[in-house]
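Colleague: the following block contains a protein sequence and its predicted model.
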Amino acid sequence: LEQQRQALLPVPYFHLVFTLPHVLNPLIRQNQRTLYTLLFQVVSQTLLQFGQNRLGVQVGVTAVLHTWSQTLMDHYHLHCIVAGGGLSSDNSRWVSAPDHYLFPVRALSQVFRGKFLSGLERLYAGEKLQFHGQLAELAEQHQFADLLRQAAKQKWVVYAKQPFAGPLQVLTYLS
């Protein structure tokens, strides 16, 4: 616990959760390593893009993958702890986000959705995805495109708020 406390900067931290829509669950189950990697890449790219565009900084992020809900159903999501600011581009000063607000969740979810679906298209085009058993039909381009359209219509949930009891509580929960 003391090591975790020492690893934290004396700045506000925000707890963000990026959740994939359940329509993608069968594809994720069959391509776990590839799609977990994509999820981490897309979330980090999204957060870094927002940090740069909104604050002019590179934010610090710690992310942990969770795959189940409390009812042990597939529920693929990343919990992220994001520093409320970062060093200016010339590394001369700290630029803070407001204590109560980091980034707009609606915009985060739209960018997250676009980046993830684009990544899925690249993986499909590069033949990096597996389609076995009940998913064999997704190997056909029009079937895969249908899945992407279904996923695009789903609500992509991004949850963001400042941790209730501070960042140490969230770090302890995630570890």
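Modeller: Good, I have the coordinates.

Colleague: can you tell me the SS state at the spatially most central residue of the chain?
Modeller: Nearest residue to the geometric centre of the chain (CA atoms, centre = their mean): residue 43, 3.4 Å. Secondary structure, DSSP: H, G, I helix; E, B strand; the rest coil: residue 43 is helix.

Colleague: and it, what does it touch?
Modeller: For residue 43, the contacting residues are 18, 61, 63, 78, 80, 112, by CB atoms under 8 Å, 6 or more residues apart in numbering. Quick note: C-beta positions are derived from backbone N, CA and C, even for glycine.

Colleague: now swap in residue 93 and tell me
Modeller: residue 87.

Colleague: begin at 11 from now on, thanks
Modeller: Sounds good: first residue 11 from here, last item residue 103.

Colleague: just to revisit the earlier point, dump the contacts of residue 53 to CSV, plus secondary structure and distance to residue 20.
Modeller: Listed next are these as CSV, based on DSSP: H, G, I helix; E, B strand; the rest coil; distance: CB to CB, whole Å:
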residue, secondary structure, distance to residue 20
28, strand, 26
71, strand, 18
73, strand, 22
88, strand, 25
90, strand, 20
122, helix, 29
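
Colleague: which one of these is nearest residue 111?
Modeller: Nearest to residue 111 among the contacts of residue 53, counting by CB to CB, is residue 90 at 15.7 Å.

Colleague: report pLDDT for that closest one.
Modeller: For residue 90, the model assigns a pLDDT of 92.

Colleague: can I assume it is in contact with residue 57?
Modeller: Yes. Using CB atoms under 8 Å, residue 90 is in contact with residue 57, at 6.8 Å.

Colleague: identify the contacts common to these two.
Modeller: Residues touching both residue 90 and residue 57 (CB under 8 Å, 6+ apart): 26, 71.

Colleague: the closest residue to residue 99 other than its chain neighbours: neighbour count?
Modeller: Using CB to CB, 6 or more residues apart in numbering and skipping the chain neighbours, the partner closest in space to residue 99 is residue 66 (6.1 Å). Per other CB atoms under 10 Å, the neighbour tally for residue 66 reads 12.

Colleague: isn't residue 66 right next to residue 97, touching?
Modeller: No. The pair residue 66 / residue 97 is not scored as a contact, 9.9 Å apart, by CB under 8 Å.

Colleague: dihedrals phi and psi, residue 77?
Modeller: phi -120, psi 0 (degrees, to the nearest 10).
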